[in-house]
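A.B. asks: compute the structure for the input listed below.
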Amino acid sequence: MYSVHQGESVVKSPLIIINFKTYNEGFGNNAHQIAHSAEIVGQESGVTIGVAPNYMELHPISMHYAIPVYAQHVDGIEPGASTGHILPEAVKLAGASGTLINHSERRLTLADVEASVKAAKRADLQTIVCTNNTATSAAAAVFLPDYVAIEPPELIGTGVSVSKADPGIIESSVAAVKKINPDVKILAGAGINSGECVKTAVDLGTDGVLLASGVVKARDPVEVLRDLVSLL
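C.D. replies: This is a model prediction of the structure:
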């Protein structure tokens, strides 16, 4: 039996977001295990740990756990005749507090990114725009999302951390985003797999990290998450 928590968690830095993607390990009871692990370690450490589950899990996870819950994507549409699209207001009603936009596995044009950010803000969703390089990070910052998440796609899922393999892209993205608007926060992602990776990313100027398989596919998500927050 899962305990039920009402209300949204306060999101503060550093922020760790676990993207479930569509991994088999991210559905059903496994999804609840990951969310419960995020809640346990978040309460122990004081670090905000959120999750981005598949759409079917948004409502149950948001109701059962006192952690931020994010959609993996929303479309830049208004309520109406848009069959098959993801309406931000529906995501909000399902319990999400925010959404990813433009993940490398759900790439959008810049015009679509702008439309999705506007639609998500209309629904009072926190916005996290994923980018693949410094120029795109700067362009995304113009739309004033809450976060820009820099993730070199060639490192995603490799286990090779961006904070070790390409710290320069983090530093240059932080500088580019802050030049556009100092209020936009930055996350780093791709290959994040240890507390050292997280600490390095934060030391380089980010406000946290976005990761997936390192936690979702772990036999013991609590153990992995404890390591991720250990140096913060």
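
A.B. asks: please go through this structure and pick out the longest helix.
C.D. replies: The residue-count maximum for a helix in the chain (DSSP state H) belongs to helix 28-45.

A.B. asks: output stretch 94-104 as CSV, nothing but the C-alphas.
C.D. replies: Once non-C-alpha atoms are left out, stretch 94-104 reads as follows in CSV (Å, rounded to 0.1, in the frame of the first residue of the first chain):
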residue,chain,number,x,y,z
ALA,A,94,-3.2,14.6,-14.1
GLY,A,95,-0.9,15.9,-11.3
ALA,A,96,2.2,17.0,-13.2
SER,A,97,4.0,20.1,-11.9
GLY,A,98,6.1,20.5,-15.0
THR,A,99,7.2,19.1,-18.3
LEU,A,100,10.2,18.3,-20.4
ILE,A,101,10.3,19.9,-23.9
ASN,A,102,12.4,19.1,-26.9
HIS,A,103,14.2,16.0,-25.5
SER,A,104,16.6,14.6,-28.0
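
A.B. asks: and residue 26, how many neighbours does it have?
C.D. replies: Other residues lying near residue 26 total 23 when counted by other CB atoms under 10 Å. Any C-beta I mention is one placed from the backbone N, CA and C, and that applies to glycine too.

A.B. asks: immediately after the helix or strand of the chain with the lowest mean pLDDT, which helix or strand?
C.D. replies: Scoring the helices and strands of the chain by mean pLDDT, DSSP states H and E places helix 162-165 at the bottom, with a mean of 64. As assigned by DSSP states H and E, the chain's next helix or strand after helix 162-165 is helix 167-180.
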